[in-house]
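**Student:** No letters, just coordinates:
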């Protein structure tokens with residue numbers, strides 16, 4: 001079956017590239033609108049919260065009924081969402097404004113994006129327009145345009161909006177708990193001080209080393225005047241944290257800013273102690289440092305060397321590269337995955353460990369082309385590295401020596417004449433032998449060695465006078 005080759009015209013390629021450019025501009029436009037929407041939701045949500053709390057006070061004083069309060073809060077919440085959506089859509093958010101935002105983020109575009117965005121279908125046919133589209137498309141492929149509207153601002157606005165809406169829906173509708181009710185229950189002898197119905201969260205748990213932990217205690221009966229969180233490490237060190245009440249909820253919370261080792265904890269009041277719970281800590285596998293051991297091919301006459309703490313190396317073609325990965329813990333599997341999804345297994349490295357390094361693994365390969373690997377780790381609990389490291393090997397090809405003839409031309413000489421021949425030769429890794437080879441009709445080829453062991457990067461001058469009579 002004959003192979004068929006299809007070629008797209010330059011105009012078709014330009015149209016496709018322009019379509020992708022406009023798609024990315026549209027992504028930035030949508031992200032910009034989303035940030036505006038969530039900001040408005042947050043502002044209007046807090047406004048709804050304020051109104052709801054005022055109505056809550058009126059309901060507590062008997063001025064309005066609870067059904068009216070509930071209906072007003074829900075209607076206010078729905079109105080805030082609707083109003084935020086309408087305002088965010090009515091503002092001047094166009095593809096041109098998104099393009100200008102990208103231009104502000106990446107000044108090296110030099111207005112190419114704004115110009116390309118405004119091209120009509122007929123204008124894309126010209127060679128200058130196609131060049132403009134191609135350069136703009138190349139910039140998009142090399143940069144993350146969506147960063148013009150940062151993910152952090154989008155996440156922050158969305159989080160604030162969610163918090164505002166949650167508070168607007170919950171706080172005004174919570175009934176007062178504790179205080180007088182607890183005092184009345186105690187006076188009536190309905191509660192005792194010897195036992196309590198308390199829910200302690202998270203109970204027995206396991207968290208990542210170095211992260212924070214919040215412990216809560218929810219009391220279903222008489223609230224204590226003071227509550228403490230008592231933690232004890234394996235070596236007997238005890239730490240106490242005052243637990244604080246969350247508004248009018250019967251919930252007390254204690255915050256541990258950074259948990260570095262296993263420990264036990266319990267909740268204490270003046271007349272009650274919770275069971276003892278345990279906190280185990282774990283670590284995700286992580287590459288602490290990557291070293292590259294380079295064994296260069298013989299033609300370079302270069303000694304092997306180690307590049308420490310690196311993720312990218314440039315080597316000549318044929319170099320044996322050994323990646324040594326220093327990890328924070330032993331793992332079940334350690335592999336390097338290339339962009340074509342091929343896998344290179346790593347083996348345990350017999351090296352001296354120090355500091356935080358708890359295990360070392362090595363992978364060897366002969367570099368014949370530029371390649372990027374992603375480090376994949378998995379421990380015996382099935383946990384994988386959260387932030388895979390990328391290792392890059394850039395291969396520099398071994399180019400042939402450069403030979404330059406002086407006054408290269410065809411010549412005619414007599415049988416008694418001498419022919420001067422001159423040239424220069426150099427190579428980035430040196431030249432072992434250089435010379436002249438010639439042959440006459442019906443005779444074997446002759447070689448004349450003119451230079452040996454030319455140093456790397458140096459140019460050797462070849463000078464020979466060929467005596468035609470002797471030839």
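**Tutor:** Thanks, I have the structure now. These numbers come from a predicted model, not from an experiment. Numbers count the residues shown, from 1 in each chain.

**Student:** For the rest of this, base every contact and every neighbour count on C-alpha atoms.
**Tutor:** Noted.

**Student:** what about the residue nearest the centre of the chain, distance to residue 375?
**Tutor:** In the chain, the residue lying closest to the centroid (Cα atoms, centre = their mean) is residue 387, at 6.9 Å. Look at residue 387 and residue 375: by Cα to Cα, to the nearest Å, they are 9 Å apart.

**Student:** And residue 17, by the same measure?
**Tutor:** Taken as Cα to Cα, the span from residue 17 to residue 375 is 33 Å.

**Student:** The residue lying closest to residue 295 once chain neighbours are set aside: what's it in contact with?
**Tutor:** Take residue 295 and drop its neighbours on the chain: the residue closest to it by Cα to Cα, 6 or more residues apart in numbering is residue 304, 4.5 Å away. Contact partners of residue 304, counting by Cα atoms under 8 Å, 6 or more residues apart in numbering, are 293, 294, 295, 296.

**Student:** For those residues, give me JSON lines that also has pLDDT, secondary structure and distance to residue 156.
**Tutor:** Below are those laid out as JSON lines (pLDDT from 0 to 100; DSSP: H, G, I helix; E, B strand; the rest coil; distance: Cα to Cα, whole Å):
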{"residue": "293", "pLDDT": "95", "secondary structure": "strand", "distance to residue 156": "44"}
{"residue": "294", "pLDDT": "95", "secondary structure": "strand", "distance to residue 156": "45"}
{"residue": "295", "pLDDT": "94", "secondary structure": "strand", "distance to residue 156": "49"}
{"residue": "296", "pLDDT": "91", "secondary structure": "coil", "distance to residue 156": "50"}
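
**Student:** Now list the buried members of those.
**Tutor:** 293, 294, 295, 296 (16 or more other Cα atoms under 10 Å).

**Student:** now the residues you listed as a markdown table including distance to residue 405?
**Tutor:** Formatted as a markdown table, the buried ones among the contacts of residue 304 follow (distance: Cα to Cα, whole Å):
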| residue | distance to residue 405 |
| --- | --- |
| 293 | 40 |
| 294 | 36 |
| 295 | 35 |
| 296 | 31 |
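
**Student:** Would you point out the most distant pair within those residues?
**Tutor:** 293 and 296 (9.7 Å; Cα to Cα).

**Student:** what about residue 371, neighbour count?
**Tutor:** Counted with other Cα atoms under 10 Å, the neighbours of residue 371 add up to 14.

**Student:** Just give the closest residue to it, not the sequence neighbours.
**Tutor:** Nearest one to residue 371, counting by Cα to Cα, 6+ apart, is residue 393 at 5.4 Å.

**Student:** That neighbour in helix, strand or coil?
**Tutor:** Following DSSP: H, G, I helix; E, B strand; the rest coil, residue 393 is assigned to strand.

**Student:** Also residue 214?
**Tutor:** strand.

**Student:** I'd guessed it sits against residue 252; true?
**Tutor:** No. Contact criterion Cα atoms under 8 Å: residue 214 and residue 252 do not qualify, at 10.3 Å.

**Student:** Look at the two and report which has more neighbours.
**Tutor:** Each of residue 214 and residue 252 has its neighbours counted (other Cα under 10 Å); residue 252 has more, 24 against 12.

**Student:** Which one of the buried ones among the contacts of residue 304 is nearest to residue 285?
**Tutor:** Comparing the buried ones among the contacts of residue 304 against residue 285 with Cα to Cα places residue 293 closest, at 22.6 Å.

**Student:** who's more crowded, residue 17 and residue 375?
**Tutor:** More neighbours surround residue 375 than the other of residue 17 and residue 375, with 22 against 19 (other Cα under 10 Å).

**Student:** is it fair to say that one lies in a strand?
**Tutor:** Yes. Assessed with three-state DSSP, residue 375 lies in a strand.

**Student:** Could you pull up the residues touching it?
**Tutor:** Counted by Cα under 8 Å, 6+ apart, residue 375 has contacts 334, 335, 336, 337, 388, 389, 390, 391.

**Student:** Kindly report the same for residue 172.
**Tutor:** The contact partners of residue 172, by Cα under 8 Å, 6+ apart, come to 49, 52, 53, 55, 56, 73.

**Student:** So which of the residues you listed wins on neighbours?
**Tutor:** Going by other Cα under 10 Å, residue 52 tops those with 26 neighbours.

**Student:** which residue ranges form the strands in the stretch 51-200 of the chain?
**Tutor:** In the stretch 51-200 of the chain, the segments counted as strands under DSSP state E, counting those that start in this stretch are 198-201.

**Student:** How about the stretch 301-450 of the chain?
**Tutor:** For the stretch 301-450 of the chain, the strands defined by DSSP E, counting those that start in this stretch cover 305-307, 312-316, 319-327, 333-338, 343-345, 347-348, 359-367, 371-378, 390-396, 402-405, 418-426, 431-438, 446-454.

**Student:** Please identify the deepest-packed of those.
**Tutor:** Highest mean neighbour count among these (mean count of other Cα atoms under 10 Å): strand 319-327, with a mean of 22.

**Student:** Which strands and helices lie in contact with it?
**Tutor:** Here strand 319-327 touches strand 287-295, strand 359-367, going by 3 or more Cα pairs under 8 Å, 6 or more residues apart in numbering; DSSP states H and E.

**Student:** hmm, who's touching that strand?
**Tutor:** 285-297, 349, 357-368.

**Student:** Skip the chain neighbours and tell me the closest residue to residue 299.
**Tutor:** Of all residues not flanking residue 299 in the chain, residue 429 sits nearest, at 7.2 Å (Cα to Cα, 6+ apart).

**Student:** Ok, residue 165 next?
**Tutor:** Residue 165's closest residue in space is residue 45 (Cα to Cα, 6+ apart), at 5.1 Å.

**Student:** my guess is the one you found is in a helix, correct?
**Tutor:** Yes. According to three-state DSSP, residue 45 belongs to a helix.

**Student:** I'd like the helices and strands packed on strand 319-327 as TSV, with distance to residue 197 appended.
**Tutor:** Shown next, in TSV, are these (distance: least, Cα to Cα, whole Å):
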stretch	distance to residue 197
strand 287-295	46
strand 359-367	47
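
**Student:** Residue 276: which of those is closest?
**Tutor:** strand 359-367 (34.3 Å).

**Student:** Pull the contacting residues for the closest residue to residue 70 other than its chain neighbours.
**Tutor:** Once flanking residues are discounted, residue 70 sits nearest to residue 173: 6.8 Å by Cα to Cα, 6+ apart. Contact analysis of residue 173 by Cα under 8 Å, 6+ apart lists 56, 69, 70.
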